[in-house]
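Dropping the sequence and predicted coords here.
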Amino acid sequence: MRLDVLVARGAARLARAGSPSARLDAEVLLCHVLGVDRTWLYTWGDREAPRLERARFEALLAARAIGRPVAYLTGEREFWGLRLATAPSTLIPRPDTEALVEAALARAVAPQGRLLDLGTGTGAIALAFASERPGWRVLGVDLRPEAVALARCNAERLGIANAEFRQSDWFVALTGEAFELIVANPPYVAEDDPHLSIGDVRFEPHGALVAEAQGLADLLHLVREACNHLEPGGWLLLEHGFDQAAAVRRALVAAGYGEVASLHDLAGHERVSLGRQR
């Protein structure tokens with residue numbers, strides 16, 4: 001069977017299963033199996049699919065058809081132009097989070113400084129920032145040792161030397177350390193959120209998604225504690241749900257931060273709220 005026919009049939013199967021990006025999913029999975037990029041696939045789509053690769057592709061299609069995320073099936077996801085290894089123990093990096101990276105970069109005007117990424121997961125935010133600010137020292141921390149190991153692996157694969165990763169329950173292992181920038185994409189989904197039963201999030205780690213107090217518990221904890229680890233004039237930047245910006249701004253103001261504001265993601269939602277240490 002020709003490769004282009006195989007992709008078309010795979011896309012049709014995924015569309016019937018309810019995938020919102022069926023054609024893209026099929027192309028990415030076949031490229032992964034063949035070890036090629038999508039440009040190659042478009043150019044050589046009239047070639048015959050080898051039998052072994054076809055069988056592997058069919059197995060991946062079956063897994064995707066029941067909802068397993070493409071990023072877990074291929075073991076990687078691109079973020080900020082960086083190809084990151086992924087694993088079911090961490091959240092999948094998403095384009096919305098690039099708004100947090102952009103906001104941090106806009107405030108990293110000095111040639112040197114320190115940035116802390118809390119709940120780093122794959123290391124996506126820390127590594128994106130570090131790749132753009134080689135004069136800064138970047139620290140990513142995560143509660144889960146498997147996430148720390150994955151982030152370190154990504155740093156090594158990408159050759160990013162100014163980022164390091166440690167295990168810590170938020171600020172617990174950071175006594176006495178202070179930073180010019182602190183960023184976080186913490187759990188912020190409410191336990192009863194209906195979106196937890198659809199899409200990729202069904203397969204992502206529950207603890208990295210869900211927080212108490214209608215999703216606000218971790219956000220409010222970070223607002224309270226970050227002031228003890230910010231240099232004077234330093235910034236705290238938090239990603240949150242599309243309907244949580246007002247609550248996070250109120251918490252920042254109540255905690256004494258200045259220049260409090262919220263920023264929009266690509267979809268126009270208030271996705272990042274921030275404040276400055278007075």
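Cool, got the structure. Numbering: from 1, shown residues only.

average pLDDT for whichever strand or helix holds residue 236?
Using DSSP states H and E, residue 236 sits within strand 230-239. The average pLDDT within strand 230-239 is 98.

Paired strands for it, with orientation please.
Strand 230-239 pairs in its sheet with strand 179-184 (parallel), strand 270-276 (antiparallel), by DSSP bridges.

Make JSON lines out of these and add mean pLDDT.
Listed next are the strands paired with strand 230-239 as JSON lines, based on pLDDT from 0 to 100:
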{"stretch": "strand 179-184", "mean pLDDT": "98"}
{"stretch": "strand 270-276", "mean pLDDT": "98"}
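
Give me the spatial nearest neighbour of residue 87, chain neighbours excluded.
Closest residue in space to residue 87, ignoring its immediate chain neighbours: residue 150 at 5.6 Å, by CB to CB, 6 or more residues apart in numbering. In short, each C-beta sits where N, CA and C put it, glycine included.

circling back: now, of the strands paired with strand 230-239, which is deepest in the fold?
Scoring those by mean neighbour count under mean count of other CB atoms under 10 Å gives strand 179-184 as the most buried, with a mean of 26.

Restrict that one to CA atoms and write it as PDB.
Extracted C-alpha coordinates of strand 179-184, given in PDB (Å, rounded to 0.1, in the frame of the first residue of the first chain):
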ATOM      1  CA  PHE A 179      15.500  34.600  42.000                       C
ATOM      2  CA  GLU A 180      14.800  37.500  39.700                       C
ATOM      3  CA  LEU A 181      12.000  35.600  38.000                       C
ATOM      4  CA  ILE A 182       9.800  32.800  39.300                       C
ATOM      5  CA  VAL A 183       7.500  31.000  36.800                       C
ATOM      6  CA  ALA A 184       5.100  28.200  37.200                       C
END
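
Give me the contacts around that strand.
100, 104, 107-108, 110, 113-119, 125, 129, 139, 222, 226, 229-231, 233-239 (CB atoms under 8 Å, 6 or more residues apart in numbering).

ok so, going back, now render the strands paired with strand 230-239 as CSV, adding distance to residue 166.
Converted to CSV, those look like this (distance: least, CB to CB, whole Å):
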stretch, distance to residue 166
strand 179-184, 13
strand 270-276, 24
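
how about the ones you listed, which one is nearest residue 251?
strand 270-276 (8.7 Å; CB to CB).

Identify the residues contacting the closest one?
96, 99-100, 103, 223, 233-240, 242, 245, 248-249, 252-253, 255, 257-265.

go with 6 Å
Residues external to strand 270-276 that are found in contact with it (CB atoms under 6 Å, 6 or more residues apart in numbering): 96, 99-100, 103, 235-239, 245, 248-249, 252, 257-260, 262-265.

Now, of the residues you listed, which are buried?
Of the members of the contacts of strand 270-276, the ones counted as buried by neighbours, 16 or more other CB atoms under 10 Å, are 96, 99-100, 103, 235-239, 245, 248-249, 252, 257, 260, 262-263, 265.

All set, thanks.
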